[in-house]
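Participant: sequence first, then the predicted structure:
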Amino acid sequence: MKKLFPQLIIIVGVFLASWLVIYQVNWMQLFNVEQINKKTEEKLGNLFWDFFNHSQKEINDDDVLTPIDSILNRICIANDIDTNQIKMHVIKNDEINAFALPNRHLVIYTQLISTAENEAELSGVICHELAHMEMNHVMKKLIKEVGLSALISITTGNSGAEMIKETARLLSSTAYDRNLEREADTKAVDYLVKANIDPEPYANFLYKLADKDSKYESQLIWMSTHPDSKERAEFVIEFSRGIPKNYQPILVQDTWDKMQKSLKELQ
């Protein structure tokens, strides 16, 4: 028994020493996992965007894109987000929707822009989608629902066009989980406040789309992918309460009105 005790001490000591060495090794760096994920994300983003670009019409009208670029630039600059890394696309579509794709693609449907009553409402949606990007929610969702091996298979060409199409649609038409939505709303309010944009219109936009009697009910893809809208609107109001207000407009009213007129002409 006396001999066993020192041996046990030695075994425990070796185990702890080994565990400490393993713990201190940066396995992510050793196996280059982060780089693999980054390359995978870039390829996925390009593949998914190609699907949307070939199946729907992208808008290139300056009267539409220039105001949205101004909004995006204000938000990004105020929040130290590299604007040049954001690939913004406006697609002609009569569904109310906006979504983020891997590799920082931001897709906004024309009907969502038309439904927004002012720049602050649209800014809230943009901030929410930027938050999904910045907090890596897009890849988290894909890995959880599709699986990393399947995603890598897509990028290596070992899965067909149907798999690319279905996975792209997953991002544009299915919901994030409740925790990720709360994180994105919290970050969106931070982005808005730092950019001197009032968060309350964003909450009003959520309330408006959550209305069961809304005339937009059949078009509300964005609300089905971002559920619990009324509860989220109340959270935005509560979270932003007491924050010092120093809100400044980004666009003059004539610019906003001209953009909306151009959108109607594109319908």
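Facilitator: That came through, no problem.
Participant: give me the pLDDT value at Phe15.
Facilitator: On the pLDDT scale, Phe15 is placed at 57.
Participant: go on, Gly147?
Facilitator: Confidence at Gly147, expressed as pLDDT, is 87.
Participant: now do it against Pro201, distance only.
Facilitator: From Gly147 over to Pro201 the distance is 39 Å, taken as C-beta to C-beta, to the nearest Å. (C-beta placed from N, C-alpha, C; glycine too.)
Participant: before we move on, what about Phe239?
Facilitator: For Phe239, the distance to Pro201 equals 15 Å [C-beta to C-beta].
Participant: so which of Gly147 and Pro201 has more stuff around it?
Facilitator: Pro201 (22 against 11; other C-beta atoms under 10 Å).
Participant: correct me, but Val79 touches Val189?
Facilitator: Careful, residue 79 is Asn and not Val. No. Using C-beta atoms under 8 Å, Asn79 is not in contact with Val189, being 11.6 Å away.
Participant: so which of these two has more stuff around it?
Facilitator: Neighbours were counted for Asn79 and for Val189 using other C-beta under 10 Å; Val189 has more, 24 against 18.
Participant: give the contact list for the more buried one.
Facilitator: Shown in contact with Val189 (C-beta atoms under 8 Å, 6 or more residues apart in numbering): 127, 199, 202, 236, 239-240.
Participant: how near is it to Ala131?
Facilitator: Going from Val189 to Ala131 by C-beta to C-beta gives 9 Å.
Participant: again, but for Gln253
Facilitator: Distance from Gln253 to Ala131, by C-beta to C-beta: 28 Å.
Participant: higher neighbour count, these two?
Facilitator: Neighbour totals were compared for Gln253 and Ala131, and Ala131 leads with 23 against 10 (other C-beta under 10 Å).
Participant: okay, now Glu231: neighbour count?
Facilitator: 14.
Participant: where does it fall, phi/psi-wise?
Facilitator: phi -60, psi -40 (degrees, to the nearest 10).
Participant: coming back round to it: pick out the most distant pair among the contacts of Val189.
Facilitator: Cys127 and Phe239 (12.9 Å; C-beta to C-beta).
Participant: which of the two has more neighbours?
Facilitator: Between Cys127 and Phe239, counting by other C-beta under 10 Å, Cys127 is the more crowded of the two (28 against 18).
Participant: and the more buried one, what element?
Facilitator: helix 119-134 (DSSP states H and E).
Participant: helix or strand next in line after that helix, which one?
Facilitator: Assignment by DSSP H and E places the next element after helix 119-134 at helix 137-145.
Participant: so, low pLDDT: which residues of the stretch 1-150 of the chain?
Facilitator: Scanning the stretch 1-150 of the chain for pLDDT under 70 picks out 1-36.
Participant: helices of that one, start to end?
Facilitator: Here the stretch 1-150 of the chain has its helices, by DSSP state H, counting those that start in this stretch, at 4-24, 27-30, 33-55, 62-78, 110-115, 119-134, 137-145, 148-155.
Participant: wait, isn't His137 in contact with Arg182?
Facilitator: No. Taking C-beta under 8 Å as the definition, His137 is not a contact partner of Arg182, at 11.2 Å.
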